[in-house]
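A.B. asks: got a predicted model here, sequence first, then my questions.
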Amino acid sequence: EIEVSKDGPYRITGGIPLTEDDGSTPVHRVEGASLEHYALCRCGASQNKPFCSGMHWTVNFADPPMSEDPTVFEWAGGYPAFLRVTKLFYSKYVPQEPLLSPLFANMSPDHPERVAAWLSEVFGGTTFYSGQYGGYTRMIGEHIGKCLTEEQRAKWSQLMVQAANDAMLPNDAEFRAAFVSYIEWGTRLAVENSQTESKPPMNMPMPHWWWVCDATPGSRQSALQAEPEAPPVFPEEGEAISFGKHVKTLFRKMDRNSMKFVFDLWSYEDVVTHADQIMFRLNAGTMPCDGAWSQDKLDAFQQWIDAGKPE
């Protein structure tokens with residue numbers, strides 16, 4: 001297994017050979033070093049290349065920032081995160097659960113990897129499951145004739161969520177809403193497709209899950225991790241007002257995220273297009289949702305409209 005650790009090295013386990021460029025000469029290791037597991041530098045600053053020496057802490061190495069609108073797959077931590085979940089689930093919980101252990105008594109050794117690949121693709125990751133195992137039709141085939149019960153489904157769902165806790169998947173409300181809703185939806189389909197009288201449609205596309213009700217990670221400010229908002233910038237006396245320098249700062253990140261399903265309050269084109277409707281809502285006190293604007297902010301927005309909405 002090769003894992004890209006967060007803000008750290010590549011972690012290799014399972015005795016994978018590490019050779020020089022010729023493909024045969026083993027890379028030199030100090031005496032007694034493990035051949036079964038090792039960590040390789042990813043920050044470029046190691047004092048013991050190619051191995052990690054811990055310098056990523058010293059140089060404050062960090063992974064590239066996540067996209068502004070991440071997929072559920074990205075927010076979870078990618079395939080390695082889902083693999084942690086499935087390995088915990090099938091090694092820790094399934095063997096000791098009477099409702100589930102008979103179902104998986106003869107599962108293939110790579111079953112956790114298959115389920116992790118499925119979850120990764122469903123939540124917006126790579127198409128590894130479709131390419132490697134056969135997509136949705138293959139998954140249906142795994143359940144046909146199993147006659148799964150509601151009790152087994154409920155226990156599977158409960159323990160999968162517990163495994164997600166153990167694997168330290170994100171615990172914010174937005175991620176869990178998306179993750180748990182899919183687990184509930186998917187397991188209910190599995191029960192339905194597994195009955196002897198069921199005739200599930202074949203050759204259906206892979207399901208793709210999304211942020212439930214557009215509740216993305218940035219759409220809400222956490223009450224536990226509130227970040228101070230930068231104050232709005234008002235034009236100085238005699239200064240011409242503009243969208244980029246002044247008007248954009250009137251809208252908080254929370255305001256923007258709450259309206260992104262309609263338009264972007266940080267986009268000049270969108271605000272110009274909807275300026276009159278925005279002004280109407282602001283004057284009425286119905287926007288933003290958590291309280292009316294102060295008069296100085298209302299005056300600034302109206303000043304911008306009267307000035308011809310300069311960019």
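C.D. replies: Looks like it came in fine.
A.B. asks: count of residues packed around the spatially closest residue to residue 152 that is not a sequence neighbour?
C.D. replies: Spatial nearest neighbour of residue 152, excluding adjacent residues (Cβ to Cβ, 6 or more residues apart in numbering): residue 99 at 5.1 Å. Where you see a C-beta, it was placed from the backbone N, CA and C, and this is true even at glycine. When neighbours are counted by other Cβ atoms under 10 Å, residue 99 registers 15.
A.B. asks: next one: residue 232
C.D. replies: Residue 232 has 17 nearby residues by other Cβ under 10 Å.
A.B. asks: what's near enough to touch it?
C.D. replies: The neighbours of residue 232, taking Cβ atoms under 8 Å, 6 or more residues apart in numbering as the test, are 246, 249-250, 297, 300.
A.B. asks: check residue 226 and give its pLDDT.
C.D. replies: Residue-level confidence at residue 226 comes out at 59, pLDDT.
A.B. asks: let me know the helix or strand that residue 258 is in.
C.D. replies: When elements are assigned from DSSP states H and E, residue 258 belongs to helix 253-259.
A.B. asks: run the chain-centre distance for the helix or strand just after that helix.
C.D. replies: Following helix 253-259 in sequence order, the next helix or strand is helix 268-284 (DSSP H and E). In terms of Cα atoms, centre = their mean, to the nearest Å, the centre of helix 268-284 is set 32 Å apart from its chain centre.
A.B. asks: for this structure, what's the longest helix?
C.D. replies: helix 173-194 (DSSP state H).
A.B. asks: from residue 170, how far out is residue 65?
C.D. replies: 16 Å (Cβ to Cβ, to the nearest Å).
A.B. asks: so which of these two has more stuff around it?
C.D. replies: With other Cβ under 10 Å as the criterion, residue 65 and residue 170 differ in neighbour count, and residue 170 comes out ahead with 17 against 6.
A.B. asks: state the helix or strand in which the spatially closest residue to the more buried one that is not a sequence neighbour lies.
C.D. replies: Distance criterion Cβ to Cβ, 6+ apart; nearest residue to residue 170, sequence neighbours excluded, is residue 75 at 5.9 Å. Under the criterion of DSSP H and E, residue 75 resides in helix 72-76.
A.B. asks: ditto for residue 158
C.D. replies: helix 150-166.
A.B. asks: what angle separates that helix from helix 173-194?
C.D. replies: Put simply, helix 150-166 runs at 150 degrees to helix 173-194, going by axes from the mean of the first three to the mean of the last three Cα atoms, to 10 degrees.
A.B. asks: show me the contacts for the residue nearest to residue 152.
C.D. replies: 151-152, 155.
A.B. asks: what does the longest helix of the chain rub up against?
C.D. replies: 72, 75-76, 122-123, 140, 143-150, 152-153, 156-157, 160-161, 164, 169-170, 198, 200, 207, 209-213, 215-217, 219-220.
A.B. asks: can you rerun that using 7 Å?
C.D. replies: Helix 173-194 has contacts (Cβ atoms under 7 Å, 6 or more residues apart in numbering) with 72, 75-76, 122, 140, 143-148, 150, 153, 156-157, 160-161, 164, 198, 200, 209, 211-212, 215-217, 219-220.
A.B. asks: again, but for stretch 287-297
C.D. replies: 232, 234, 250, 255, 258, 278, 281-282, 285.
A.B. asks: I'd like to know how far the most centrally placed residue in the chain sits from residue 123.
C.D. replies: Geometric centre of the chain, nearest residue: residue 75, 1.9 Å, by Cα atoms, centre = their mean. When distance is defined by Cβ to Cβ, residue 75 is 9 Å away from residue 123.
A.B. asks: same question for residue 34.
C.D. replies: 34 Å.
A.B. asks: helix, strand or coil for residue 3?
C.D. replies: What DSSP: H, G, I helix; E, B strand; the rest coil gives for residue 3 is strand.
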